[in-house]
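Novice: Quick one: sequence plus predicted model below, questions after.
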Amino acid sequence: MTSPTPPPTAGKRKGPPAWRRRLPWFGAAALGALIVAGLWPQAVSVEMAPVSRGPLVVTVDEEGMTRVRQRYIVAAPVGGHLRRIDWKPGAPVEAGRTALAVLEPAGADFLDTRNQAQAEARLRAAEAARDAARAQRERAGAAARLFAAEFGRSRVLRDQKVLSVQEFEASQMKSETSEQEARAAEFSLRVAEFEVQQARAILSRGQTGANGVEPLIITSPVSGRILRVIQESARTVVAGFPLLEIGDATDLEARIEVLSRDAVAIRPGAKMLLERWGGSEPLAARVRLVEPSGFTKVSALGVEEQRVFVIADFTDPLEKRPTLGDNYRVEARIVTWENAGALRAPAGALFQNAGQWRVFVVRGGRAESRVVQVGRSNGVATEITGGLQEGEQVVVYPGDKVADGTAVSPLTVGTR
């Protein structure tokens, strides 16, 4: 007996394609990859700088003023009536020829016996001061010639690479200082000779009596310019009353106010740069004196500070500062330490942790914390005495996102 055959079907139903069945798995895998990529730590963009070897200069930066090195206040030698002074500041004067003021002496000053004796004593003192000034000028001139010759020999030895830079600079400083002392001694001699002339004039007038006394013409003791007219109007003055201030406006020095804690690191002979004085280039100067006594000054914030005056001589020629005058403001950078071949790193790369100086060194794209030993710093670069090698890259100004082992990448700054 045969079994019945099944009825034919209209058609067999097929399932979805294989790739469509796997599509949810692909989506889940992509979503997982996106989640992993979003949670994966990204490299932190940081500023990097190399550790290099080169010059490092540490300076003390303060403000100050220029001033005339040698100035002379012309005073009334005797009491009397002063005629009006027509001179104005800046006018040139010549020693012994330019009449600065006219004084009509009072008769009593010439007839009194006591004043006569005082005039004689003043003449003797002026002559003694003149002789001392002449001897000082001779000594200063001889010393200036000696140090100038020594400086010439030092220049030859330096050109021959026999003399060190420190020895050459010391010889140069001695030559410049002795030259300034010789100029000061010459100025003092001229002033002393003027005092002798004034004393003799007063004494000779006192011996002639009060009748027919002619006005006393006060001439300039030195050549230079009038810096200030103290008394311009006509009036009656007493002996010793200041009238004018005279000096050589081209013979300037700089007086800088520094904090006492910074002054202890400044030595005579230190280099100095004077900036923001009005010219296009800074002026070179050299420290001559750090005054031994300080003074108290209240800062703009109301804090009392102990300050000290540092006196410096210009080393650049007059042609570089033809318009610089007396009491002009300058900004000084005084060199307290320098090294021509220091191993240096940016100051912003260093930070302290647990009492030690550290930096982040970039190795293989990651930041590595390292302890370093530091020396001098000028606020921009710091001397490295141990812990780093020349050419290594360090992270500058690391933030809170940078730690030991953090992946870092160089920061790129866009340009306009």
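Specialist: All right, it came through fine.

Novice: Next secondary structure after the worst-scoring helix or strand of the chain on mean pLDDT?
Specialist: Here the helix or strand of the chain ranked lowest by mean pLDDT, DSSP states H and E is helix 108-111, holding a mean of 47. Towards the C-terminus, the helix or strand next in line after helix 108-111, according to DSSP states H and E, is helix 113-159.

Novice: element containing Val57, please.
Specialist: Secondary structure from DSSP H and E places Val57 in strand 52-68.

Novice: hang on, I meant Arg200
Specialist: Under DSSP H and E, the secondary-structure element containing Arg200 is helix 165-208.

Novice: Determine the set of other helices and strands touching that helix.
Specialist: Helices and strands in packing contact with helix 165-208 are listed as helix 108-111, helix 113-159, strand 216-219, strand 283-290, strand 304-314; criterion 3 or more C-beta pairs under 8 Å, 6 or more residues apart in numbering; DSSP states H and E. The C-beta positions use only the backbone N, C-alpha and C, and glycine is treated the same way.

Novice: among these, which is nearest Val57?
Specialist: With distances scored as C-beta to C-beta, the stretch of these nearest to Val57 is strand 283-290 (13.7 Å).

Novice: which of the residues in whichever helix or strand comes after the closest one are buried?
Specialist: Past strand 283-290, further along toward the C-terminus, the next helix or strand under DSSP H and E is strand 295-298. Buried residues in strand 295-298, counting neighbours by 16 or more other C-beta atoms under 10 Å, are absent.

Novice: How about stretch 224-235?
Specialist: Under the neighbour-count criterion of 16+ other C-beta under 10 Å, stretch 224-235 has 224-227, 229, 231 buried.

Novice: Now that we have those residues, can you turn them into a markdown table and tack on distance to Arg370, pLDDT and secondary structure?
Specialist: Converted to a markdown table, these look like this (distance: C-beta to C-beta, whole Å; pLDDT from 0 to 100; DSSP: H, G, I helix; E, B strand; the rest coil):
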| residue | distance to Arg370 | pLDDT | secondary structure |
| --- | --- | --- | --- |
| Gly224 | 62 | 87 | strand |
| Arg225 | 62 | 90 | strand |
| Ile226 | 65 | 92 | strand |
| Leu227 | 60 | 91 | strand |
| Val229 | 67 | 93 | strand |
| Gln231 | 71 | 92 | coil |
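
Novice: Check these against Val60 and report the nearest one.
Specialist: Nearest to Val60 out of the buried residues of stretch 224-235 is Leu227 (C-beta to C-beta; 29.3 Å).

Novice: Might one say that the closest one is in contact with Asp248?
Specialist: No - taking contacts as C-beta atoms under 8 Å, Leu227 lies outside contact range of Asp248: 9.6 Å.

Novice: joint contacts of those two?
Specialist: Overlap of the contact sets of Leu227 and Asp248 (by C-beta atoms under 8 Å, 6 or more residues apart in numbering) consists of Val68.

Novice: From Val394, how far off is Glu291?
Specialist: When distance is defined by C-beta to C-beta, to the nearest Å, Glu291 is 42 Å away from Val394.

Novice: ah, wrong one, I meant Leu289
Specialist: Shown here: Leu289 relative to Val394, a distance of 41 Å by C-beta to C-beta.

Novice: same question, Gln356
Specialist: Look at Gln356 and Val394: by C-beta to C-beta, they are 16 Å apart.

Novice: Those two: which is more packed in?
Specialist: Neighbours per residue, other C-beta atoms under 10 Å: of Gln356 and Val394, the larger number sits with Val394, 26 against 11.

Novice: Identify all contacting residues around the helix or strand containing the more buried one.
Specialist: Mapping Val394 onto the secondary structure by DSSP H and E places it in strand 393-396. Strand 393-396 is contacted from outside by 46-51, 345-346, 348-349, 359-362, 367, 388, 402, 408, using C-beta under 8 Å, 6+ apart.
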